[in-house]
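In: Give the three-dimensional model of this entry:
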Amino acid sequence: MTSGRWIPWAVPVLAEAAALARSVTFAWMLGPEQLGQAMILALVVRFTEMASDLGIDRLILQAQDGNTARLQAELQGVAVIRGVVGALGLMALAPILAMIFANGPEAATYAVLAIIPLLRGLTHLDFRRAERRYRYHSLAAVEGSATLVMAACVLPAAVLLKDHRAMALVLISHAVAYVSLSHLVASRTYHLHLSRQAIGRVWRFGAPLILNAGLLFLTFYADRLIVARSYDWATLAVYGVVLQLALLPAQIVGRAAASLFLPRLRDALRRGMLSSVWPPVLVTHISLGVTVTVGFAVLAPVAIPRIYGPDVHPDLALAIAVGVAAGLRILRTPYSQLAIATGRTGDPARANLMRAAALIPAAAFAAIGMPLAAIGAAAAVGEAAATLRAMSLAQLSFTTPISNEVYS
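Out: Numbers count the residues shown, from 1 in each chain. Prediction:
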């Protein structure tokens, strides 16, 4: 039985809508230059999360003993370690980031962001465990409500601080709400347990995902860092807004797929029914990818200046290039979920290596001052190569036995 299968779609839609509203508010109240600096702060937090992503939420979903209190306590213990490591890493990077991005946020502002991974390491995983039974109301209560809290803080933070530091305050408020709500909706008592065996198991499952998450950061966000280093903050605001809007559907699809399609693929593999489940999943993603590509190319040049103000105005070439990249990323999503379901957690990273390679020409284009559309075109070519690689690797997922490490 399922409960609220619309929720895994609605929650990421709400999250991305809130992120959109946040950037629109900052654009109008703080201006493009401060918006660009606020985007850097959000990127730093996202990098910290992705660089330490051991796939804890996915392991509790698909491991055979994922419903046990023992495994949950072990995963929560690993999450605490992850949070501490992320916080220390952010504090160490703070002065370096302040030097790299001149005339931007100060080192103290970057250091304050260390509060976020520290807090999120204390998350109660019970709401994730509920997804094993296709029950998503706890997911809505935690992620949806935390998003609403964050959205409610955007305007007060902008009024209070009047610059990019408002982003740090908003992100911290989201982390506080997220962790608090995860404990509030839990049915089990919160326990932590650490053992060498548990850490080893999580590491074997998650190490390839850390590599993939690092590559995903490069493919999702690194070109924004290139723009921030080579152009001014206002130009970063334009490029960042275009990417945020174009990749918004891809973010939604990726998060929903982890909740909806990953358990479905897992069950299909166990029952030997993958051939009947896979085609409709793939067709759904193809349709979404085409719709996003065409829709963004048509609407972005007209809609973005009206939403964000006349100073944030992308040209048609940039809209087309980034729209194609976003559509291809959506197409790659089911292949990544299939790889994880079969225990081939290194396959997404292998595919994303192709996308990461496109950053080389992107950096070269930025260094010689080419238009932003050239950087967007490099992203589209990289996404095409990564998608083809994912399709090739998927053939092994159909023929390779499921990893015992995942389901043991």
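In: contacts and neighbour counts: CA atoms only from here.
Out: Fine.
In: State the pLDDT value of Ala257.
Out: Ala257 is assigned 63 on the pLDDT scale.
In: Would you mind pulling the contact partners of stretch 275-282?
Out: Phe261, Arg264, Leu265, Ala268, Leu331, Pro334 (C-alpha atoms under 8 Å, 6 or more residues apart in numbering).
In: Go ahead and confirm the fifth one touches His285.
Out: Yes. With contact defined as C-alpha atoms under 8 Å, Leu331 reaches His285; the gap is 5.4 Å.
In: Redo the contacts of stretch 275-282 as CSV? Include neighbour count and pLDDT.
Out: Formatted as CSV, these follow (neighbours: other C-alpha atoms under 10 Å; pLDDT from 0 to 100):
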residue, neighbour count, pLDDT
Phe261, 20, 70
Arg264, 20, 75
Leu265, 23, 77
Ala268, 17, 78
Leu331, 26, 90
Pro334, 28, 85
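In: quick one: the helices in the stretch 1-150 of the chain?
Out: Remark: helices assigned in the stretch 1-150 of the chain by DSSP state H, counting those that start in this stretch are 7-30, 32-51, 56-62, 69-100, 107-112, 115-120, 126-129, 137-139, 145-161.
In: and the first one, what does it pack onto?
Out: When you say that, I think you mean helix 7-30. Applying 3 or more C-alpha pairs under 8 Å, 6 or more residues apart in numbering; DSSP states H and E, we find helix 7-30 packed against helix 32-51, helix 137-139, helix 145-161, helix 233-271, helix 274-308.
In: what comes up buried for it?
Out: For helix 7-30, a neighbour-count test (16 or more other C-alpha atoms under 10 Å) marks 7-9, 11-27, 29-30 as buried.
In: can I get the CA coordinates of it in PDB?
Out: Taking Å, rounded to 0.1, in the frame of the first residue of the first chain, the C-alpha atoms of helix 7-30 are listed here in PDB:
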ATOM      1  CA  ILE A   7       4.400  14.000  -2.000                       C
ATOM      2  CA  PRO A   8       7.800  13.100  -3.400                       C
ATOM      3  CA  TRP A   9       7.000  15.300  -6.400                       C
ATOM      4  CA  ALA A  10       5.300  18.100  -4.300                       C
ATOM      5  CA  VAL A  11       8.100  18.500  -1.800                       C
ATOM      6  CA  PRO A  12      10.900  19.200  -4.200                       C
ATOM      7  CA  VAL A  13       8.600  21.400  -6.200                       C
ATOM      8  CA  LEU A  14       8.000  23.400  -3.000                       C
ATOM      9  CA  ALA A  15      11.700  23.500  -2.200                       C
ATOM     10  CA  GLU A  16      12.700  24.700  -5.600                       C
ATOM     11  CA  ALA A  17       9.800  27.300  -5.700                       C
ATOM     12  CA  ALA A  18      11.100  28.600  -2.300                       C
ATOM     13  CA  ALA A  19      14.600  28.800  -3.700                       C
ATOM     14  CA  LEU A  20      13.300  30.700  -6.600                       C
ATOM     15  CA  ALA A  21      11.300  33.100  -4.400                       C
ATOM     16  CA  ARG A  22      14.400  33.600  -2.300                       C
ATOM     17  CA  SER A  23      16.500  34.700  -5.200                       C
ATOM     18  CA  VAL A  24      13.800  36.900  -6.600                       C
ATOM     19  CA  THR A  25      13.400  38.600  -3.200                       C
ATOM     20  CA  PHE A  26      17.200  39.100  -2.900                       C
ATOM     21  CA  ALA A  27      17.400  40.400  -6.500                       C
ATOM     22  CA  TRP A  28      14.800  43.100  -5.900                       C
ATOM     23  CA  MET A  29      15.800  44.100  -2.400                       C
ATOM     24  CA  LEU A  30      19.600  43.700  -2.500                       C
END
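In: burial count for Gln72?
Out: 27 (other C-alpha atoms under 10 Å).
In: Same check on the one 3 residues further on?
Out: Here the number of neighbours of Leu75 (other C-alpha under 10 Å) works out to 28.
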